[in-house]
Each structure stands twice: as C-alpha cells, then as structure tokens.
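> Got a predicted structure plus its sequence, pasted below:
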Amino acid sequence: MRGTRAKKLRRRSEEIIVEWLRTLVPEGEEQERINTTNYQDFLPEELYYRANGTTRLQAMTPKYVQKALKKNLNVTYKDLISA
C-alpha cells in the first residue's frame, strides 16, 4: 500500500472513531471536546483481548477501523457497529 493511501486511511479512521465517540457522550459541550487530536485519550489502552485461548483485536480501535476501510473505503461507524 502506498503512503498516500495509508495516510488517507488513517485520517478517515480518525474521523470515524471521533464520530463514534461523540455518540457515546451526552449532548452539549462534552461532544465538542472530542476531536481528532485527543480522541485517543477516550479509547481504552488495551488494543487486544483474549478469548478462548486466542488474542483478538478490540473493536473501534484505529487498527480495527483501518482494516475495515481497506476492504471498503465508504464504511461508516454504523456499518462497523452492526457488523
């Protein structure tokens, strides 16, 4: 994958995660505090979890969203949650 495509995927994944995080907090000023520069403060520190003896990737982490975007660039956070 070229650097320009990787950069596009990273930026799009940040937008999707920020959009998803804003749906989790109450409306008002709290939603405006979450942006692309500080969204990682609101995510869990653990990227992986163990289930049935295997290590799996947590949902809605940057790596998880980027993997979904590689398959389809037009994915929204609602598509990711319902999958």
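Yep, it's here. Residues are numbered from 1 along each chain as shown.
> And the strands in the protein?
Assigned by DSSP state E, the strands in the chain fall at 48-51, 54-57.
> what would those look like in a markdown table with mean pLDDT?
Output for the strands of the chain, formatted as a markdown table (pLDDT from 0 to 100):
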| stretch | mean pLDDT |
| --- | --- |
| strand 48-51 | 93 |
| strand 54-57 | 93 |
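> Turn these into CSV, including distance to Lys71 and mean neighbour count.
Yep, even glycine has a C-beta here, placed from its N, CA and C like the rest. Putting the strands of the chain into CSV (distance: least, C-beta to C-beta, whole Å; neighbours: other C-beta atoms under 10 Å) gives the following:
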stretch, distance to Lys71, mean neighbour count
strand 48-51, 20, 10
strand 54-57, 14, 10
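> Looking at those, spot the one closest to Glu32.
strand 54-57 (29.3 Å; C-beta to C-beta).
> Report the strands that pair with the closest one, each with its relative direction.
Sheet partners assigned to strand 54-57 using DSSP bridges are listed as strand 48-51 (antiparallel).
> if we can go back for a sec, output the strands of the chain in JSON lines; the columns should cover distance to Val18.
As requested, the strands of the chain are exported to JSON lines (distance: least, C-beta to C-beta, whole Å):
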{"stretch": "strand 48-51", "distance to Val18": "22"}
{"stretch": "strand 54-57", "distance to Val18": "19"}
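> Arg12: which of these is closest?
Arg12 lies closest to strand 54-57 among the strands of the chain, at 17.9 Å (C-beta to C-beta).
> ok, back up a step: out of the strands of the chain, which comes closest to Arg11?
Comparing the strands of the chain against Arg11 with C-beta to C-beta, the closest turns out to be strand 54-57 (20.1 Å).
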